[in-house]
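Trainee: model this:
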Amino acid sequence: MRFVGSGKSRAVVLTGPYAFKIARFGLGYVLRRTVEILRSGQTGDKIVEWRRERNLSVFGVLYERLSEGIMCNKREYHWSRNHRDFSLMPTLWTFFYLVNVQRRGNAVADETRLNHPLLRLLEGCEILRPDIDGPEQYCWHGRRLLLVDYAHPDLEGVLGRRQLRTASWSRGFY
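Mentor: Here you go, the predicted model:
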């Protein structure tokens with residue numbers, strides 16, 4: 001088992017042929033921010049601010065971080081199920097969107113070889129480019145280049161402009 005790292009909302013663990021994407025709780029952020037506030041001497045001001053603004057409470061921050069990870073896992077699961085023809089690494093299984101399980105691919109070593117349909121679709125769109133341009137967002141699964149991290153909330157609007165063929169379970173049974 002190898003812990004790959006964690007992004008803003010999820011952590012990734014690689015085990016054998018699988019990758020587990022786990023929604024993060026953000027407890028480390030809450031503890032780090034609490035220590036920063038205590039050290040800065042702004043404790044009284046922050047308590048008053050937290051009382052006025054419920055979203056800044058510890059539970060509010062934890063809920064926001066957890067729900068963000070869950071929404072990312074949910075988006076990836078549904079895009080994977082509904083748009084199999086778009087070179088996305090399929091999500092095999094989800095546990096209440098807290099944990100997504102995907103196949104594990106081989107890392108992309110050369111950035112110049114990135115030739116993914118999404119990159120062609122996003123030419124001229126600067127909003128998403130830094131999030132999906134890097135080779136760490138892709139992997140080789142066999143001979144196919146697949147996007148592994150496609151949970152960006154703005155990505156759905158961009159992909160919605162393209163007519164994607166929805167995967168049909170009846171295809172191939174006739």
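
Trainee: now the strands: where do they sit in the protein?
Mentor: With DSSP state E, the ranges of strands along the chain come out as 2-6, 10-15, 18-23, 91-95, 99-103, 106-107, 138-141, 144-147.

Trainee: which one of those lies closest to Pro153?
Mentor: Smallest distance to Pro153 across these (CB to CB): 13.4 Å, for strand 10-15. Yep, even glycine has a C-beta here, placed from its N, CA and C like the rest.

Trainee: Name every sheet partner of that closest one and say whether each one runs parallel or antiparallel.
Mentor: If you go by DSSP bridges, strand 10-15 pairs up with strand 2-6 (antiparallel), strand 18-23 (antiparallel).

Trainee: Need the winner for burial among those strands.
Mentor: Ranked by mean neighbour count, the strands paired with strand 10-15 are led by strand 18-23 with a mean of 20 (mean count of other CB atoms under 10 Å).

Trainee: got the CA coordinates for that one in PDB?
Mentor: C-alpha atoms of strand 18-23 as PDB (Å, rounded to 0.1, in the frame of the first residue of the first chain):
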ATOM      1  CA  TYR A  18      -6.500  -0.100  -7.400                       C
ATOM      2  CA  ALA A  19      -6.500   3.500  -6.400                       C
ATOM      3  CA  PHE A  20      -8.700   4.600  -3.500                       C
ATOM      4  CA  LYS A  21      -9.900   8.200  -3.400                       C
ATOM      5  CA  ILE A  22     -10.900   9.100   0.100                       C
ATOM      6  CA  ALA A  23     -12.900  12.200   1.000                       C
END
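
Trainee: The longest helix along the chain packs against which elements?
Mentor: If you go by DSSP state H, the chain has its longest helix at helix 58-82. Under the contact criterion of 3 or more CB pairs under 8 Å, 6 or more residues apart in numbering; DSSP states H and E, helix 58-82 touches strand 10-15, strand 18-23, helix 27-40, strand 91-95, strand 99-103, helix 155-160.

Trainee: at 7 Å what do you get?
Mentor: strand 10-15, strand 18-23, helix 27-40, strand 91-95, strand 99-103 (3 or more CB pairs under 7 Å, 6 or more residues apart in numbering; DSSP states H and E).

Trainee: Other residues contacting that helix?
Mentor: The contact list for helix 58-82 (CB atoms under 7 Å, 6 or more residues apart in numbering) reads 9-10, 21, 23-27, 29-30, 54, 88, 90-91, 94, 97-98, 100, 150-151, 156, 166-167.

Trainee: Tabulate the helices and strands packed on helix 58-82 (JSON lines), appending mean pLDDT and distance to Asn73.
Mentor: Compiled in JSON lines, these are given as follows (pLDDT from 0 to 100; distance: least, CB to CB, whole Å):
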{"stretch": "strand 10-15", "mean pLDDT": "92", "distance to Asn73": "7"}
{"stretch": "strand 18-23", "mean pLDDT": "95", "distance to Asn73": "6"}
{"stretch": "helix 27-40", "mean pLDDT": "77", "distance to Asn73": "18"}
{"stretch": "strand 91-95", "mean pLDDT": "96", "distance to Asn73": "6"}
{"stretch": "strand 99-103", "mean pLDDT": "97", "distance to Asn73": "5"}
